[in-house]
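1. have a look; sequence and predicted model below, questions after that.
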Amino acid sequence: MIIRDKPRAWELAFALRGSILPHIAFPLAGVVALSALMVLLDHHFGLLPHIEGIPFTVFGIALSLFLSFRNNAAYDRWWEARKLWGGLLADLRSLAREVEIFLPDQGLRHRILLQSLAFLHLHRRQLRRLSHDLETQTRSPELLADPHPPCSALNLIHADLAQAYAKGQMDGFGARTLTARFGSIALAQAGCERIAATPLPFVYSLLIYRTTYLFCLLLPMALVGTSGWLTPLFVGIVAYVFLGLAEVTEELSHPFGSTLNALPLDAICRAAEISLAPHLGQPSPPPLQPVDFHLS
Amino acid sequence: MIIRDKPRAWELAFALRGSILPHIAFPLAGVVALSALMVLLDHHFGLLPHIEGIPFTVFGIALSLFLSFRNNAAYDRWWEARKLWGGLLADLRSLAREVEIFLPDQGLRHRILLQSLAFLHLHRRQLRRLSHDLETQTRSPELLADPHPPCSALNLIHADLAQAYAKGQMDGFGARTLTARFGSIALAQAGCERIAATPLPFVYSLLIYRTTYLFCLLLPMALVGTSGWLTPLFVGIVAYVFLGLAEVTEELSHPFGSTLNALPLDAICRAAEISLAPHLGQPSPPPLQPVDFHLS
Amino acid sequence: MIIRDKPRAWELAFALRGSILPHIAFPLAGVVALSALMVLLDHHFGLLPHIEGIPFTVFGIALSLFLSFRNNAAYDRWWEARKLWGGLLADLRSLAREVEIFLPDQGLRHRILLQSLAFLHLHRRQLRRLSHDLETQTRSPELLADPHPPCSALNLIHADLAQAYAKGQMDGFGARTLTARFGSIALAQAGCERIAATPLPFVYSLLIYRTTYLFCLLLPMALVGTSGWLTPLFVGIVAYVFLGLAEVTEELSHPFGSTLNALPLDAICRAAEISLAPHLGQPSPPPLQPVDFHLS
Amino acid sequence: MIIRDKPRAWELAFALRGSILPHIAFPLAGVVALSALMVLLDHHFGLLPHIEGIPFTVFGIALSLFLSFRNNAAYDRWWEARKLWGGLLADLRSLAREVEIFLPDQGLRHRILLQSLAFLHLHRRQLRRLSHDLETQTRSPELLADPHPPCSALNLIHADLAQAYAKGQMDGFGARTLTARFGSIALAQAGCERIAATPLPFVYSLLIYRTTYLFCLLLPMALVGTSGWLTPLFVGIVAYVFLGLAEVTEELSHPFGSTLNALPLDAICRAAEISLAPHLGQPSPPPLQPVDFHLS
Amino acid sequence: MIIRDKPRAWELAFALRGSILPHIAFPLAGVVALSALMVLLDHHFGLLPHIEGIPFTVFGIALSLFLSFRNNAAYDRWWEARKLWGGLLADLRSLAREVEIFLPDQGLRHRILLQSLAFLHLHRRQLRRLSHDLETQTRSPELLADPHPPCSALNLIHADLAQAYAKGQMDGFGARTLTARFGSIALAQAGCERIAATPLPFVYSLLIYRTTYLFCLLLPMALVGTSGWLTPLFVGIVAYVFLGLAEVTEELSHPFGSTLNALPLDAICRAAEISLAPHLGQPSPPPLQPVDFHLS
């Protein structure tokens, strides 16, 4: 995630970090070049038909509405993913407090909290599809080969809880409280997996990119008559807005990816470690800081 | 569901798999042909009235807003269905952990988990309206003739639980926890049945297809004066956007159907089997993989 | 509710069942006739001022956005009502399973389930404002004169439960579980009553119908100059879209009404009967089928 | 709240009750008069610049979208407030049933239910900022001078419950059930207070009224060239739509106010009295009826 | 938060308090000056190309939709933050009532409630990033140096509760009720931290400010031909609407900031103090009042 203040005047003009421009530079240049070529063809050979603007207005508005829908859906995915991770953080904090009340055995408490942190890192590793991840390799090397490592971590915790309940180390009220807590954790986990495994329908991507390019490629016919050599400039601006928005949308719809706009899962995992440290009798680690405006 | 990366340049131009084009090829061709005929009639016999664009702008924007609403509603159905299945997966995982705590009898635990998986497959079979389905025929052949097979599976589980409670094999805390879990499962099940049984209001379909065709059939009158023989091209593009969106919407609004964009229920059922295997003392089966970009 | 597949070509052109056309035929004809009269006045007496399209574009877009908002709100009411009834179905199913666990007395269980079905029918009767309803007259004739019959049915159930708790036939865990279940039922019930008793603000209806008619009546001034005798056709199309959408919206905003698009409460009540039959030791009745595409 | 059927033809033309027209008559007349003056200045002295419509189209669409956003936000406040009150009604009904199960002492039960009704009326009095209110003056005169009367009523109930729990008149299951119920009531109460205390951001009101008036005052420059003396009519219609929507929005955003469109809190309080009467051994009072289409 | 009634006529024209105008005065003046310069260049040297309006209509509508999306997202953040604080208020009130039932020891009760108020102030201090805050320095000076002060306050409460549970001063029902209450508080806390720590994606800010300025800087080319010296006025109005909305959006998206439109956290903390005073045997402090229309 990019952490930057409101852009100031000179940043508006020149900031590249966090901008979408570098990602669309190539197709943008292509569209502008092609429209320049079309103006050339028109001026020298008169080959380009000149069309009135009405169909482009309707087409442009339909395209705007469609991009707007897709942008909403992508942002909702990104924000829902952030909510789920915020919920996981709250769940871990509440868990640490609840075990203090319901589990008198400190060793068991620490084991459960450490395993919960391991779960969080394994969950992060799975969502980001990391093959090499130092945290999980240190915390739970024995789980990495399991069919579903985060679930394995939660299963281990429940084996502990089942034993504690059978032995009378946890009463029924504690069993109810802790199973409800882990039920909430499992729900947030499945929610993240849903977002990671179910992209926006591919048919939307295809439809939106096809119509956007079609619009940009046909636009010169509507502009060349009145705008002349300014046509490539206007086509470039329209393409910047539409392709830029389509690209931002593409990135935000994958909130667990490796793009600059992806969610700062490392930082949230660290926040959980900070919150759980006092319950484990450990000093809290420092919070993660953005590097070059980017919080990983 | 189609699992494909962001389309690249050549895919944009030629990809058919996952595209909406094949589904609307016939009406699209019809609209284009008709508009070509209208241009012909206009050029040779001057029979076509030429109209200004203003009413088409208003009509086009109204239609865009309407399509946009229907698209939102359809996508919400699709995404809500996915959420419900994600919730079912989380419920089954939590169930497997909760029975470990509250049901000391391993045989009973296995019976309940196997029946829960049977429920999931029967639920999938009912939503997809499958008459022949190998999984359910293997897992629960005795339930297939019941008036409501998925409910029968859940009823069997509760008969087991009622007996366990009466015999003292499950305490009150366990009874509360497990009935709450199955209450959550029943809610997700009823939610899926709601989406499957209650389509988007038919009156919308009729209104949207009628106005879309009307718009495409009248559009040549606004374009022929200025665009000439480019008219069929523009009509084709507008029809592609509008009919394409209407068709995508139609597909997504039936998330349990058999179209390429329907939800991958087989894969989610398999994910549940993977998660429950360790609790059943079985090896986890491999996850389902997309075949030709399609995850069933 | 209309249960029909996606409209095919000939249905698009001729289907009336489930169409909004019959409901707006009269005002539509009026608007078209009036615009024809205006064209006549213009051509013969030159009485009609000719106006440019810009104010109509703005007016038309504002009106479209407003209709779009109202349509969203109406559809949300309709869909929320459907969700609430889906929730009631899930609640009744879960109730039937929970009483098996917590109420050992079969007679008491059957009494509660029968009374719950009676509640559902009384609730349906109240929402639809039916004076004669065979189901409720058969199931609970003694409650029909009460100030609030559905609440009376739930009160009777709770009197039974209170007695069972006092006598020790139900333990505290059961009391918690069943009061939570009926709390959920009461919430869904109050939600339905809210939708039935609180229409969309009347001021919206007035504003939307007034502006829609104003738009249709003034539109000829913008069209007559360029469209001539095609003006009534265009006015008719615009009126069809706007009045049609306003009318659909009006219908969907009353999801418990008696229109074709109202929710199929009879069918959902039947689904509840099918689900509860095994718990009552009765054969399941057949599901309701659509009659002439209509499911009541 | 206005309770009226769908407006019929003559009501469309003449209905004032529930219309927004009387509220905006003065500024509307002012805008129309000013535009007439501008036409006069233009025709006699040629002082008015004539401008093309494009900037007005963009301005008008931006304004429509903005009004549309604010309308959505206002309607959401109104509907959320209605949902919260519907939830309060459901909570009171469930409370009445739960105390029957968990509180064997009838006197205590009646005291709690009467105090709950007193709470509802005090809550209504606070939201509507009533200084004189017969119901609360009759039911709980001793609480009216408290810093927060509705909270005082709930505190009294909890003092009763705490005593009952200490004395063993209520078991732990009852304590859990009733505290959860009152937790839900307190949440709905705080939700209503949030809506009442936090208006829509003032900056929106200022921005929207300023831009609406600017648009209406500048519009004559775009229309006078082509519409002549029809300009005031069109300006009037546009001002009617925009100012009318802004005014409706203003009213709905204060759902607990004293306008005609405010929520019928009196009627909902009465519905709660009707539902609780059987539990108090009292006859149910009649439901409130609309007076001149208005339900208070 | 600004607390002001609906603006009246003269306020519309002159109100600055709560207006966005002072925040955008500088860029607005810049844009207007630049467009005046462009008109000058055009009239004297004919250097400015004149362009038709169609591309500006499409651009303007796309920009409006995009601003509209961002405004929605920002308002949702603001309103969700307000909901979370309303939920915290309800949680504290319910907590005060629940401890009366489940914790017979008054000293413990008071300690927990005072610590909860300390938590609320520490939470406010953290969200607003205050370095000097009298309330927290008075209430909990020993926690301010902790890695996460609000969590420390909640941890202290749970240490008390764990001890009470171990000693038998709180039964299992109380432990369940109070851990659920603090779970709800921790969830609201994490929700607020999420909003404070995760701004709207920076890429949106960049894209929206860049396109807004581009639009305003290019607009004179479309207007100068027909509007002449009125061009700077129109550019100024369009810039006022677009930059104003972008700026409002920027402010509302930081609901815990120090702007005039930020949430009144001081007043909500005071409301919690008022509600908890009777439970602490203290007189209620007076509610906070707006100062110069501003509630802090």
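-> Now that the structure is in, tell me what you want to look at. Numbers count the residues shown, from 1 in each chain, chains lettered A, B, ... in the order given.
2. now A:Arg111, nearest residue through space, not along the chain?
-> In space, not counting the residues next to it along the chain, A:Arg111 is nearest to A:Asp160; the distance is 6.3 Å by Cβ to Cβ, 6 or more residues apart in numbering or on different chains. Glycine gets a C-beta too; all of them are placed from N, C-alpha and C.
3. tally of neighbours for the one you found?
-> A:Asp160: 17 surrounding residues under other Cβ atoms under 10 Å in any protein chain shown.
4. what's the helix or strand it falls within in contact with?
-> Using DSSP states H and E, A:Asp160 maps to helix A:149-167. Residues outside helix A:149-167 that contact it (Cβ atoms under 8 Å, 6 or more residues apart in numbering or on different chains) are A:103, A:105, A:108, A:111-112, A:115-116, A:118-119, A:122-123, A:125-126, A:136, A:140, A:143, A:146, A:170, A:175, A:178-179, A:182, A:185-186, A:189, B:93, B:97, B:100-102, B:104, B:275, B:278-279.
5. Three-state assignment for A:Glu52, please.
-> Following DSSP: H, G, I helix; E, B strand; the rest coil, the label given to A:Glu52 is coil.
6. could you check the pLDDT of the spatially most central residue of chain A?
-> In chain A, the centroid-proximal residue (Cα atoms, centre = their mean) is A:Pro255; its distance is 1.1 Å. Here, the pLDDT recorded for A:Pro255 equals 96.
7. now it. Its backbone dihedrals?
-> phi -70, psi -10 (degrees, to the nearest 10).
8. from memory it sits against A:Leu263, does it?
-> Yes - when contacts are counted by Cβ atoms under 8 Å, A:Pro255 is listed as touching A:Leu263 (4.9 Å).
9. what touches both of the two?
-> Counting by Cβ under 8 Å, 6+ apart, the common neighbours of A:Pro255 and A:Leu263 are A:78, A:81-82.
10. which ones, among the residues you listed, also lie beside chain E?
-> A:78, A:82 (Cβ under 8 Å from any Cβ of the partner chain).
11. single out the residue in the stretch 101-250 of chain A that lies closest to chain C.
-> A:Gly172 (9.6 Å; Cβ to the nearest Cβ).
12. surely that residue is in contact with B:Ala175?
-> No - contact between A:Gly172 and B:Ala175 fails when scored by Cβ under 8 Å: they sit 10.5 Å apart.
13. which of these two has more neighbours?
-> Using other Cβ under 10 Å as the criterion, A:Gly172 and B:Ala175 rank with B:Ala175 on top: 23 against 19.
14. wait, what's in contact with A:Phe293?
-> Residues in contact with A:Phe293 (Cβ under 8 Å, 6+ apart) are A:2-4, A:17-18, E:202.
15. repeat the analysis, applying 7 Å as the threshold.
-> Listed by Cβ atoms under 7 Å, 6 or more residues apart in numbering or on different chains, the contact partners of A:Phe293 are A:2-4, A:17-18.
16. out of the residues you listed, which one sits closest to A:Gly225?
-> A:Gly225 lies nearest to A:Gly18 out of those, by Cβ to Cβ, at 38.1 Å.
17. quick check: the gap between that closest one and chain E.
-> Going from A:Gly18 to chain E by Cβ to the nearest Cβ, to the nearest Å gives 5 Å.
18. got it, and A:Pro283?
-> 9 Å.
19. quick one, grab the pLDDT at the closest residue to A:Pro55 other than its chain neighbours.
-> Excluding the flanking residues, the one nearest A:Pro55 by Cβ to Cβ, 6+ apart is B:Phe234, at 5.1 Å. Model confidence at B:Phe234, expressed as pLDDT, equals 85.
20. torsion angles phi and psi at B:Phe234?
-> B:Phe234 adopts backbone torsions of phi -70, psi -40, taken as degrees, to the nearest 10.
21. buried sites along stretch A:229-240?
-> A:230-240 (16 or more other Cβ atoms under 10 Å in any protein chain shown).
22. inside strands: which ones of those?
-> If you go by DSSP state E, these have nothing in strands.
23. closest to chain B among those?
-> Of the buried residues of stretch A:229-240, the one sitting nearest to chain B (Cβ to the nearest Cβ) turns out to be A:Ala239, at 14.3 Å.
24. that closest one and A:Phe26 touch, don't they?
-> No - if you go by Cβ atoms under 7 Å, A:Ala239 and A:Phe26 don't touch, sitting 11.7 Å apart.
25. tally of neighbours for A:Leu260?
-> 21.
26. one more: A:Leu89?
-> By other Cβ under 10 Å, 23 other residues sit near A:Leu89.
27. tell me the SS of it?
-> Following three-state DSSP, we place A:Leu89 in the helix state.
28. residues contacting it?
-> Per Cβ under 7 Å, 6+ apart, neighbours of A:Leu89: A:268, A:271-272, E:190.
29. show me which of those residues is closest to chain C.
-> Once Cβ to the nearest Cβ is applied, the member of those that ends up nearest chain C is E:Ala190, at 25.8 Å.
30. host element of the closest one?
-> Assigned by DSSP H and E, E:Ala190 falls in helix E:172-197.
31. what helices or strands is that helix leaning on?
-> If contacts are counted by 3 or more Cβ pairs under 7 Å, 6 or more residues apart in numbering or on different chains; DSSP states H and E, helix E:172-197 sits against helix A:54-102, helix A:172-197, helix D:172-197, helix E:54-102, helix E:106-127, helix E:149-167.
32. mind listing what A:Cys216 touches?
-> Contacts for A:Cys216 (Cβ under 7 Å, 6+ apart) come out as A:31, A:235, A:238-239.
33. swap the cut-off to 8 Å and go again
-> A:31, A:35, A:235, A:238-239, A:242-243.
34. Throw these into TSV and include distance to chain C, thanks.
-> As requested, the contacts of A:Cys216 are exported to TSV (distance: Cβ to the nearest Cβ, whole Å):
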residue	distance to chain C
A:Val31	28
A:Ser35	27
A:Val235	24
A:Val238	20
A:Ala239	25
A:Phe242	20
A:Leu243	25
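35. out of these, which sit inside helices?
-> Per DSSP state H, helices hold the following members of the contacts of A:Cys216: A:31, A:35, A:235, A:238-239, A:242-243.
36. which one of the residues you listed sits closest to chain D?
-> A:Val238 (14.7 Å).
37. and the closest one, what's its pLDDT?
-> 86.
38. correct me, but it touches E:Thr57?
-> No - assessed by Cβ under 8 Å, A:Val238 is found out of contact with E:Thr57, at 11.6 Å.
39. find residues that contact each of these two.
-> By Cβ under 8 Å, 6+ apart, the residues touching both A:Val238 and E:Thr57 are A:Gly60.
40. any idea how far the residue nearest to A:Pro55 lies from C:Arg97?
-> Look at B:Phe234 and C:Arg97: by Cβ to Cβ, to the nearest Å, they are 60 Å apart.
41. repeat that for A:Ile195.
-> Using Cβ to Cβ, which is the criterion applied here, A:Ile195 is 32 Å from C:Arg97.
42. ramachandran angles for the closest residue to A:Pro264 other than its chain neighbours?
-> Nearest in space to A:Pro264, with sequence neighbours left out and distances taken as Cβ to Cβ, 6+ apart, is A:Leu295 at 4.1 Å. As for A:Leu295, its main-chain torsions (degrees, to the nearest 10) stand at phi -100, psi 120.
43. and for A:Leu295, the neighbour number?
-> Residues near A:Leu295, counting by other Cβ under 10 Å, number 20.
44. before we move on, what about A:Asn71?
-> A:Asn71 has 22 nearby residues by other Cβ under 10 Å.
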